[in-house]
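> based on what follows, work out the 3D shape:
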Amino acid sequence: MRKLSFKILPVIMAVALMFSSCEQDNIGPVFDDLGSFTGSAFSKAIKQNDNIIKVGVTHRNHTKNSQLRLVLEPAGSTPATLATLATDVVTFTNSDTVWVDVAINYGQLADDGFYNFTIRIADGEEGYLEPMQYGGGIKQANISFSKYIPLDRTPFLGSYLELDGEDEYPVTITADPADEFTLIVSGGNWGSGASYKVRFNTNTRITIVDNQFLGVNYPGIGGAAGQVFYRPIAGKNGTFNTTTGEFSVWVNMILPNYPYNFGNYELLYVKN
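The predicted structure follows:
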């Protein structure tokens with residue numbers, strides 16, 4: 001039996017080598033010249049003098065000169081005339097990434113409009129890179145934008161009262177240094193140590209609360225289980241008035257780690 005197994009061993013090895021060779025030939029074309037976007041989404045608030053969205057494109061063989069073709073298409077009801085590619089042909093010259101400009105037509109933007117385009121790598125065109133079809137390759141990306149409408153936060157700063165429909169509580173409102181459209185509410189019905197952020201959307205003139213812990217615990221429940229959390233409510237948005245400085249926000253109050261849900265509340269803020 002030992003001799004028999006010894007004789008057939010070379011045959012088995014030869015078959016294995018042939019199979020390996022065939023496999024390698026089949027997967028070879030997958031690693032040809034392929035293009036990809038550096039991200040799946042690009043967005044921006046568009047200003048009249050800053051109307052360019054830059055989209056990054058890369059390719060597999062970084063040191064090889066090559067080209068790919070891009071296609072820009074409107075999504076949904078977005079007018080096709082709102083965005084234009086600076087060039088639809090991307091040329092790589094010994095570099096791994098090229099940034100392509102998408103110019104937005106500022107004059108056609110409505111104050112309350114939100115717009116979307118899809119940008120993709122054209123495939124099936126001779127002489128150009130094909131889109132990556134494997135791994136982390138991104139063969140198309142989304143571009144979203146709206147008109148930049150600044151928020152003057154001055155009318156909303158200072159000492160306020162928070163009204164929850166039953167009682168009123170003193171709060172202090174400050175500007176969030178990290179976001180020009182966000183206010184920080186400190187104090188309120190959870191005590192002086194609580195604080196949370198409210199974002200103002202100047203396009204649709206609504207407010208919305210971020211998902212966030214308030215930095216305080218429900219009385220009698222220590223640790224992570226007692227941490228109070230605010231989150232937005234689908235379909236319910238607050239409003240704001242730049243003349244009076246009043247604003248409201250809808251929040252769902254919960255203890256996510258307990259767990260317990262206090263329910264939905266509309267909080268109104270008026271000058272103290």
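> what about Leu267, which helix or strand?
strand 260-271 (DSSP states H and E).
> list the helices and strands that strand packs on?
strand 158-163, strand 247-255 (3 or more C-beta pairs under 8 Å, 6 or more residues apart in numbering; DSSP states H and E). In short, each C-beta sits where N, CA and C put it, glycine included.
> residues in contact with the nearest residue to Ile121 once chain neighbours are set aside?
Once flanking residues are discounted, Ile121 sits nearest to Pro131: 3.9 Å by C-beta to C-beta, 6 or more residues apart in numbering. Pro131 is in contact with 34-36, 120-121, 123, 137, 139-140, counting by C-beta atoms under 8 Å, 6 or more residues apart in numbering.
> what's across from Pro131 in the sheet?
Gly35 (DSSP bridges).
> how about Thr182?
Assigned bridge partners for Thr182, using DSSP bridges, are Arg199.
> isn't it right up against Asp176?
Yes. Using C-beta atoms under 8 Å, Thr182 is in contact with Asp176, at 3.8 Å.
> give the closest residue to Gln67 in space, chain neighbours not counted.
Thr91 (5.1 Å).
> is it correct that the one you found falls within a helix?
No. Under DSSP: H, G, I helix; E, B strand; the rest coil, Thr91 falls outside any helix and is assigned strand.
> that one: what's it in contact with?
Contacts of Thr91 by C-beta under 8 Å, 6+ apart are 65-67, 98.
> ok, 10 Å please
65-68, 98 (C-beta atoms under 10 Å, 6 or more residues apart in numbering).
> for Val270, give its distance to Thr91.
59 Å (C-beta to C-beta, to the nearest Å).
> what's the answer for Ile53, then?
Distance from Ile53 to Thr91, by C-beta to C-beta: 20 Å.
> that older thread, what do Thr182 and Asp176 both touch?
Joint contacts of Thr182 and Asp176 (C-beta under 10 Å, 6+ apart) are 153, 197-199, 210.
> run through the bridge partners of Thr172.
Ser159, Ser186.
> quick check: bridge partners of the residue nearest the centre of the chain?
Closest to where the C-alpha atoms of the chain average out (C-alpha atoms, centre = their mean) is Ala41, at 6.8 Å. When bridges are called by DSSP bridges, Ala41 pairs up with Asn142.
> pull the contacting residues for it.
If you count contacts by C-beta under 10 Å, 6+ apart, then Ala41 has 116, 138, 141-144 around it.
> hey, what's the closest residue to Ala122 other than its chain neighbours bridged with?
Nearest non-adjacent residue to Ala122, counting by C-beta to C-beta, 6+ apart: Arg69, 4.2 Å away. In this entry, Arg69 is beta-bridged to Val89, by DSSP bridges.
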